[in-house]
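build me a structure from this.
(one chain, ligands or ions: 1)
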Amino acid sequence: MKLKEKYTSLKELEFVKIKSKYNKLLNNFKTYQSELKNFLIEDALNGQDICISTTYLIFDKKEHYKNKNDISKLSLLGYVTITNDSISLDSKLKEKFQEKGIIYKALPALKIGRLCVDEDYERRGLGRLILAFCIKRAAYLNKQIACRFITLDAKRNNERSKDSYHFYHKFNFQILINKNKTKEELIRQKSGTTALYLDIYHIIKKLSIC
Ligand SMILES: CC(C)(COP(=O)(O)OP(=O)(O)OC[C@H]1O[C@@H](n2cnc3c(N)ncnc32)[C@H](O)[C@@H]1OP(=O)(O)O)[C@@H](O)C(=O)NCCC(=O)NCCS
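You can find the predicted model right below:
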């Protein structure tokens, strides 16, 4: 693949659950978010072993097929860690859902615990496709068990190009308002994380899953 070519379809990617045989590849992964690299190297496999998170490593499908017997030749494009979650409804959010006839205290969700694209592959469509993979996973969960939302904690940064809130906002993720700060204060935040959610009801219905 040429340097600036974009990935446009999930068919171009291979999502593989993390296994110890990939350990050597993890050290070469590059990101300005050191916490996300540390998690990948130190915690992702264990999290999966003890059934608290599932981590998918993402490869170029053609490259993965060509080099599946020689892992050292593979480039790790990114990774995503997902787990089960629920949204607790308090104050304003509760009112919003009550208007839709939803009166429960908590609603089912899939959480994107970690999502990271290697620095060398940023802005080539991978983040968008990884989100599409997660949305598809969450939607298809409904075949067996309800899942209405995607949740995540977006990493914030002083530099707009490194502030993942703007990335998620582009894909309609909404701020999960809490008691302590207003929506405007949460948008302006320049460090830490901001809790976001996406309602996937219309996607589930469009796919006729339930
Ligand atoms: C945030 C991240 C996942 C985006 O991945 P990516 O592969 O670069 O994103 P894509 O190329 O798919 O971009 C999709 C769209 O989002 C936009 N976008 C990406 N990052 C953005 C940002 N920080 N601010 C605003 N827009 C952004 C792109 O310009 C693109 O828009 P377009 O379709 O109109 O051209 C990636 O930059 C990353 O891994 N960052 C470090 C780790 C991190 O912050 N992860 C999130 C933690 S919760």
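
tell me how far the ends of stretch 79-96 are from each other?
One end of stretch 79-96 to the other measures 33 Å (CA to CA, to the nearest Å).

just to check, S164 is in contact with F171?
No: here S164 lies out of contact with F171, judged by CB atoms under 8 Å, at a distance of 11.1 Å. Any C-beta I mention is one placed from the backbone N, CA and C, and that applies to glycine too.

neighbour count winner among those two?
Shown here are S164 and F171; by other CB atoms under 10 Å, S164 has more neighbours (21 against 14).

measure the more buried one to K206 for me?
Between S164 and K206 the computed distance is 26 Å (CB to CB, to the nearest Å).

that's a helix at K30, yeah?
No: counting by DSSP: H, G, I helix; E, B strand; the rest coil, K30 falls outside a helix, being coil.

that one reaches V117, doesn't it?
No: using CB under 8 Å, K30 makes no contact with V117, being 9.9 Å away.

who's more crowded, those two?
V117 (24 against 13).

isn't the more buried one up against R128?
No: under the criterion of CB under 8 Å, V117 makes no contact with R128, lying 10.0 Å away.

quick check: residues of this protein near the ligand?
Counting by CB under 6 Å from any ligand atom, the chain comes close to the ligand at 31, 33, 36, 115-117, 122-128, 152, 154-155, 161, 163-164, 166-167, 170.

in this structure, which spans are helices?
23-26, 34-38, 44-49, 61-66, 91-99, 126-141, 164-170, 183-188, 201-206 (DSSP state H).

return the most buried member of these.
Burial of the helices of the chain is given as mean neighbour count (mean count of other CB atoms under 10 Å); helix 126-141 ranks first at a mean of 19.

quick check: mean pLDDT across it?
The average of the pLDDT scores along helix 126-141 is 98.

so which other helices or strands are in contact with it?
strand 13-17, strand 54-60, strand 78-88, strand 106-117, strand 149-155, helix 201-206 (3 or more CB pairs under 8 Å, 6 or more residues apart in numbering; DSSP states H and E).

now do the contacts for the residue in the chain that the ligand sits nearest to.
Taking CB to the nearest ligand atom as the measure, the point where the chain comes nearest the ligand is G127, at 2.3 Å. Going by CB atoms under 8 Å, 6 or more residues apart in numbering, G127 touches G78, L115, V117, F167.

how close does the second one sit to I50?
Plainly put, L115 is 21 Å away from I50 if you go by CB to CB.

kindly report the same for the third one.
Noted for V117: a distance of 26 Å to I50, by CB to CB.

same check on H166?
34 Å.

surely K162 touches T31?
No: counting by CB under 8 Å, K162 stays clear of T31, with 10.2 Å between them.

brilliant, that's me finished.
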